[in-house]
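S.K.: below: sequence and its predicted model.
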Amino acid sequence: MANQPIVAPLRTPAIPPDIWFPLLRNCWTYIDVFAPDIIRATDHWGDLKNRPASGRGAGEQRFQAWLSDPTSTVPLRRPHVGEGPNPVPHRRILASILGVSPSFFQSDTPHGPRRTAAVDRLAAAGRTRPGLLADLVEVSRPDGTRGPWHDALGSRELWLEQVTLRNACYVFTAALSMMRDSELRQITKDAVADYYGSPAVKSTKQKLDPALPVKHWWITPPVARALETAARLSQHETLTFATVTGKRTGDGFASIAAIVDLINHMNRWRHISGLELIPPGKVTPHMFRRTMAMLTRDVPGAEIAVGMQLKHVATRALANRVTSSYMDNDPSWARQLDKSITERRFERLTELFDADTDGHAIGFGPGADRMRETFAAVRAQAEQLRATNQARRGDVRVEHDLLRRTRISIRFGKLNHCTMNDNDPTGAKCLEDAIVPDGHRGPLLDRCQPGRCANSIIAPAHIPIWSAEQSSLHHLLDTDKLAPNHRRRIEAELKEVDRVLDRHHP
């Protein structure tokens, strides 16, 4: 016991669902929708700045040609203090587009006021564009209108959007990779790789022991895209999350400030960008790791995957308490998760109902027979409602509404479906001669006997799995050198598989 680690209860809270969902959706909108415009505007602005200015005579000729071109539009910028609420012409960008000096429109020059007035007239006529690019992606805004996601993407605004895009990439990666902040900060531009056939990111684990070797974290393609986008913006020689301008030294990135700035920027300009409102609340880098670990706890096999990703290796019993505490449920998510599970169960139940209505086989066995009887009763009740004009609709939604109100007990599984009624578990083989823990309701899944239980449904999708198992067991029995006790065990397993196929597959 001297080497037994003592780990205090985890105090890191999960990010509430009303913050988690809009934040991640907004981040993905930046990465998937806004990023191409931001990168394209970055390249365009770089080309304009590097273009040599023309002489005065050539500049005037170019300006007059631009004015006479019916396709010409005036780039706009957000107004300064005292200029009113609406965007105004961005003469610096216009000068760059024309290839003239910034002094071309100055009021203290002989022709500056005339040129400025001509540009203002064009803008007043509605021939404008939102800054550097004339074809920004259009979005639906909270007030019901549609328009470009940015109203005036000038040079300063472009820098702010580059920072916001980088921050969105950081948050998206932190949320969906479960990496620590220190590991995220060490991701290099060449970190995305293929690892055992799946996309992964390489990072050096810094916590406790910075001398540990490089670790691989499996990621999804959207996360890989976020990392590639951040690397495209980074001005650092090697790091992915760093400054987006060459004016700053060092990495130029602070993760906590990045999260705060990101949320503030998204909320401030959502009336133009069409993004969702992110409610106020505390969000820190380590809270993303905690939240995703909690979300995966109820997914089959997720505990193993989370244990691998969290990199908490247990060397003895009880040594892995930190991992389990990361996966503990959070009260703020309880209602959201229960609702999601209920909705998904109803979706699958509706799929069974529609298949039965269309005459397709939904399964075999007594459980399937009772399910078909229930579905038939729902359809009969719907027809009665239509016949008595109590149903306002005549489509299948009447049946679906009745189905939602009908108390149908079903648990969907990979090998079978269970229709045991928690209030009347008659015929449940898993409960026979079993010691049921105090307070437990429902079946004991580890004692499930699909071939013997009256509550079991073997659906058509299950048959290939059982058939493959049957074939595999026959193949094992054909092995010449097989220990007698091993052979008896395989024969017993095969008998149960045969029982399932003989009983449930006509």
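M.R.: In hand now; what should we look at?
S.K.: residues of stretch 19-28 that come out buried?
M.R.: Judged by neighbour count using 16 or more other C-beta atoms under 10 Å, the buried positions of stretch 19-28 are 19, 20, 22, 23, 24, 26, 27, 28. C-beta: built from backbone N, CA, C; applies to glycine.
S.K.: reformat these as CSV; add distance to residue 441.
M.R.: Below are these laid out as CSV (distance: C-beta to C-beta, whole Å):
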residue, distance to residue 441
19, 33
20, 30
22, 35
23, 36
24, 34
26, 40
27, 39
28, 38
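S.K.: separation between residue 295 and residue 88?
M.R.: Distance from residue 295 to residue 88, counting by C-beta to C-beta, to the nearest Å: 46 Å.
S.K.: how about residue 30?
M.R.: From residue 30 over to residue 88 the distance is 26 Å, taken as C-beta to C-beta.
S.K.: for residue 168, same thing?
M.R.: To residue 88, residue 168 is 28 Å away according to C-beta to C-beta.
S.K.: which of these two has more neighbours?
M.R.: For the pair residue 168 and residue 88, the greater number of neighbours falls to residue 168 (27 against 17), based on other C-beta atoms under 10 Å.
S.K.: hang on, that one packs against residue 31?
M.R.: Yes. Look at residue 168 against residue 31 with C-beta atoms under 8 Å: they come within range, at 6.0 Å.
S.K.: what is in contact with the two at once?
M.R.: Common contact partners of residue 168 and residue 31 (C-beta atoms under 8 Å, 6 or more residues apart in numbering): residue 226.
S.K.: quick revisit: now, which of the buried residues of stretch 19-28 lie within helices?
M.R.: Assigned to helices by DSSP state H, the following of those qualify: 19, 20, 22, 23, 24, 26, 27, 28.
S.K.: from these, which is closest to residue 370?
M.R.: residue 20 (39.5 Å; C-beta to C-beta).
S.K.: which residues touch the closest one?
M.R.: So residue 20 contacts 175, 291 (C-beta under 8 Å, 6+ apart).
S.K.: let me know the distance separating it from residue 465.
M.R.: With distances taken as C-beta to C-beta, residue 20 is found 35 Å from residue 465.
S.K.: and what of residue 291?
M.R.: 33 Å.
S.K.: more neighbours: those two, which one.
M.R.: Counted by other C-beta under 10 Å, residue 291 and residue 465 do not tie: residue 291 has more neighbours, with 25 against 13.
S.K.: what's stretch 439-450 in contact with?
M.R.: The contact list for stretch 439-450 (C-beta under 8 Å, 6+ apart) reads 411, 415-416, 418, 420, 422, 425, 428-431, 434, 436, 455-456, 458, 496, 500, 504.
S.K.: just the buried members of those residues?
M.R.: When those are checked for burial by 16+ other C-beta under 10 Å, the buried set is 411, 416, 418, 420, 425, 428-431, 455-456, 458, 496, 500, 504.
S.K.: between these, which is closest to residue 173?
M.R.: Taking C-beta to C-beta as the measure, residue 173 lies nearest residue 411 of these, at 35.2 Å.
S.K.: so who does the closest one touch?
M.R.: The neighbours of residue 411, taking C-beta under 8 Å, 6+ apart as the test, are 417, 418, 419, 420, 442, 443.
S.K.: most widely separated two among these?
M.R.: Using C-beta to C-beta, those span at most 13.6 Å, a distance reached by 417 and 442.
S.K.: neighbour count winner among the two?
M.R.: Each of residue 417 and residue 442 has its neighbours counted (other C-beta under 10 Å); residue 417 has more, 26 against 16.
S.K.: now the helix or strand containing residue 45 - C-alpha only, PDB.
M.R.: Assigned by DSSP states H and E, residue 45 falls within helix 35-50. Provided in PDB are the C-alpha atoms of helix 35-50 (Å, rounded to 0.1, in the frame of the first residue of the first chain):
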ATOM      1  CA  ALA A  35     -11.800  29.800 -43.100                       C
ATOM      2  CA  PRO A  36     -11.600  29.600 -47.000                       C
ATOM      3  CA  ASP A  37     -12.600  33.300 -47.100                       C
ATOM      4  CA  ILE A  38     -10.200  34.300 -44.400                       C
ATOM      5  CA  ILE A  39      -7.300  32.500 -46.100                       C
ATOM      6  CA  ARG A  40      -8.200  33.800 -49.500                       C
ATOM      7  CA  ALA A  41      -8.400  37.400 -48.100                       C
ATOM      8  CA  THR A  42      -5.100  36.900 -46.500                       C
ATOM      9  CA  ASP A  43      -3.400  35.900 -49.700                       C
ATOM     10  CA  HIS A  44      -5.200  38.700 -51.600                       C
ATOM     11  CA  TRP A  45      -4.100  41.400 -49.100                       C
ATOM     12  CA  GLY A  46      -0.500  40.100 -49.300                       C
ATOM     13  CA  ASP A  47      -0.500  40.500 -53.000                       C
ATOM     14  CA  LEU A  48      -2.000  44.000 -52.800                       C
ATOM     15  CA  LYS A  49       0.700  45.100 -50.300                       C
ATOM     16  CA  ASN A  50       3.500  43.800 -52.500                       C
END
